[in-house]
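K.L.:
Return atomic coordinates for the entry below.
(2 chains)
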Amino acid sequence: MRALDLQDVRFKHRGSDHWALDGVSLQVEKGEFVTLLGSNGSGKSTICMLSNGLIPHALPGDLQGKVEIFGFDVKEHSVAEFSTKVGMVFQEPESQLFCMSVEEEVAFGPENLAVPREELRERVEWALELVGMKGYNDRSPFSLSGGQKQRVAIAAALSMRPDMLVLDEPAYALDPVGRLELYSVLRDLKERYGMTVVLAERDAEEAVAFSDRIVLMKAGRVIDSGPPRIVLREPSRLRNVGVTPPQLSEVAALLNARLMTTENSFLTVEEAERAITEKVLAWRMVKGR
Amino acid sequence: MEDGEGEMIPATPMLPREEKIISIHGLRFTYEGGVVALRDINLDISSGEYLAIVGGNGSGKTTLAKNINGLLRPTSGEVVVGGRSLSGRTVADIARTIGYAFQNPDHQLFCSTVEEEVRFGPANLGYPEGEIVKKVRRAIEAMNLESHRKTPPLSMRLGERRRVSIASVIAMDPEVLILDEPTTGLDAQESSELLAKLRRLNEEGKTIILITHDMKLVAEHAKRVVVMSQGRVLLDSDPRGAFSDPELLRQSNLEPPPVALLAHKLSELGIPKDVISPEELVFQIMRERGGP
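P.N.:
Model prediction:
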């Protein structure tokens, strides 16, 4: 059974004559970290909202094709039913936070499921630890930095112990250091906890380093899907679909063009540093310097 | 005066006094409730500069901008625009010189068509009708909104609404354009189109001030970078200078673009630390190879 299974899905919002998704097939396996990459209007947010039933239940429209979430047909089950399976995080943490303390915020979801007190406490501590916010229990969410707020929003989703986390441009309102904090949490979710994650992004700079798969989208369709090294290999193709290529992919592509090779492909600064250093030292040996 | 300013605008301009369009002396600002947002800012900005004010969330950059356009007034110190102190001048008077586009365009848009929206500013400043029509036409053309004159702004996409908000600022024909996070919410193509338009305005002589924490944008467009942290100016330099010091940027919750970080790490091989684009970095690497 897959975490998410979309087959030939088309969706049009009620009152719109435009297909927000126009024939999308996409499978996400359990434990997979998938980044949906595309410009505004590419359909990535629509997929996020389908993956916990917000579409079609809260945002109705014309939905065609098959959408299954952990084997359950999205049309036949409510958002509430999916809420223990799928955690959602949106662009702006402010739109999700409303409690007086971080602890209340993170406890809110499971509390509503009548989770026993002892387990509730465990879940809150576990979720806060996971996002690096242990000890912030009594702080007001509104006194936190942008990166911290977004981490609390993730903890609030995690305390429901979902089987999959879906994040729609979670770094949107964050400054660069807030972004780094956020992506290091996402990396942990992947590497330490094997969480199934669907991340929608319009800039893949940080997420490429630990995504299993990049799904490139344009105008409601999937253009390409594969490991980051493959999908990001041609920066010009990304530009054509309105996505800024990661700078390291640009460096790799330019080096390949100059050296007439295909081997270079960098996902992290460290990886690029190692490969380029080796190359330069080898050139120096040849020249006897 | 030196002939034509051209592209060689020095990082710290040493132009005669009358060339300064904005001059800030000992500016401090404390919000009601006691939050100190600006501590002793001193800054001179020359006519025709393309400047980026960068810093993390809460560094004071938006507060600084609002002290320049008169929406906020200094707790102490002075802001001089066009040779005259802002003290005692109205926001409308200041708006003739300083145009300010909000981070969220919807804070600014309220008319029922694009044309009315763009017309509001110059009409409000009391220009004669012929002048208003000319200014509106120029602003609408500058932001490529010709086909949207009769469109309700709030029905447009975010990238288009942002262009409407900038057009309505340009229509007042200010010498200085301050844009607060102009690319937030825009995708790659919308961003690069908007930035090309801003570059053209700068070439035509407008002073452009970008407020942002997008370092790639700064690397590609700004000629001068003012780094802010905790209400202070931490660094005032060209982009190369700013990116060659990752530690200092991190103090301000910023992070150099990956290519600058990579150049920094490769500096032991003799690669210069102040590389700011992938093309430049690859050029420097290929020099190590030598030959054709």
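K.L.:
Which parts of the stretch 1-150 of chain A are strands?
P.N.:
A:4-13, A:21-28, A:33-37, A:61-69, A:72-73, A:86-89 (DSSP state E, counting those that start in this stretch).
K.L.:
Just want the angle from the fourth one to strand A:21-28.
P.N.:
The reference is to strand A:61-69. On the basis of axes from the mean of the first three to the mean of the last three C-alpha atoms, to 10 degrees, strand A:61-69 is oriented at 10 degrees to strand A:21-28.
K.L.:
tell me which residues of strand A:61-69 are tucked away?
P.N.:
Neighbour counts over strand A:61-69 (16 or more other C-beta atoms under 10 Å in any protein chain shown) mark A:61, A:63, A:67-69 as buried. From N, CA and C alone the C-beta is placed, and that goes for glycine too.
K.L.:
Of the strands of the stretch 1-150 of chain A, which is nearest residue B:156?
P.N.:
Nearest to residue B:156, of all the strands of the stretch 1-150 of chain A, is strand A:4-13, at 17.1 Å by C-beta to C-beta.
K.L.:
For residue 176, which residues are in contact?
P.N.:
Chain wasn't specified; assuming chain A. B:56, B:213, B:215, B:253-255 (C-beta atoms under 8 Å, 6 or more residues apart in numbering or on different chains).
K.L.:
hmm, I had chain B in mind actually
P.N.:
Counting by C-beta under 8 Å, 6+ apart, residue B:176 touches B:21-22, B:45, B:68, B:81, B:97-99, B:206-209.
K.L.:
if you set the cut-off to 7 Å instead, what comes out?
P.N.:
Counting by C-beta atoms under 7 Å, 6 or more residues apart in numbering or on different chains, residue B:176 makes contact with B:21-22, B:97-99, B:207, B:209.
K.L.:
which non-adjacent residue is nearest it?
P.N.:
Distance criterion C-beta to C-beta, 6 or more residues apart in numbering or on different chains; nearest residue to residue B:176, sequence neighbours excluded, is residue B:207 at 4.3 Å.
K.L.:
And for residue B:243?
P.N.:
residue B:260 (4.0 Å).
K.L.:
For the stretch 1-150 of chain A, which residues are neighbours of chain B?
P.N.:
Taking C-beta under 7 Å from any C-beta of the partner chain as the contact definition, the stretch 1-150 of chain A meets chain B at A:39-40, A:145-146.
K.L.:
Check those residues against chain B and report the nearest one.
P.N.:
residue A:39 (3.6 Å; C-beta to the nearest C-beta).
K.L.:
Which parts of the chain belong to which domain?
P.N.:
Since no chain was named, I'll use chain A. Residue ranges for the domains of chain A, per automatic domain parsing: A:4-240, A:246-289.
K.L.:
that's the wrong chain, I wanted chain B
P.N.:
Domain ranges of chain B: B:18-97+B:175-190+B:200-236, B:108-173, per automatic domain parsing.
K.L.:
For the chain, give me the ranges with low pLDDT.
P.N.:
No chain specified, so I'll use chain A. A:289 (pLDDT under 70).
K.L.:
I was thinking of chain B, sorry if that wasn't clear
P.N.:
Short version for chain B, where the test is pLDDT under 70: B:1-18, B:291-292.
K.L.:
Just say helix, strand or coil for the closest residue to residue A:177 other than its chain neighbours.
P.N.:
Counting by C-beta to C-beta, 6+ apart, residue A:177 lies nearest to residue B:253, which is 4.0 Å off, once chain neighbours are set aside. Secondary structure state of residue B:253, per DSSP: H, G, I helix; E, B strand; the rest coil, is coil.
K.L.:
now the helices for the chain?
P.N.:
In the absence of a named chain, chain A is used. Secondary structure of chain A (DSSP state H): helices located at A:44-50, A:79-82, A:102-112, A:117-130, A:146-158, A:176-191, A:228-231, A:235-240, A:247-259, A:269-286.
K.L.:
try again with chain B
P.N.:
Counting by DSSP H, chain B has helices at residues B:61-68, B:91-95, B:114-124, B:129-142, B:158-170, B:188-203, B:215-221, B:239-243, B:246-251, B:258-265, B:278-289.
K.L.:
Now residue A:59. Its backbone dihedrals?
P.N.:
Reported as degrees, to the nearest 10, the phi and psi values for residue A:59 are phi -120, psi 90.
K.L.:
how many neighbours does it have?
P.N.:
15 (other C-beta atoms under 10 Å in any protein chain shown).
K.L.:
check contacts around it.
P.N.:
Residue A:59 makes contact with A:13, A:49, according to C-beta under 7 Å, 6+ apart.
K.L.:
ditto for the one 3 residues further on
P.N.:
By C-beta under 7 Å, 6+ apart, residue A:62 lies in contact with A:11-12.
K.L.:
Tell me the bridge partners for it.
P.N.:
Beta-bridge partners recorded for residue A:62 (DSSP bridges): residue A:12.
K.L.:
Which residues of the stretch 51-200 of chain B lie near chain A?
P.N.:
With the criterion set to C-beta under 7 Å from any C-beta, the stretch 51-200 of chain B comes near chain A through B:56-57, B:187-189.
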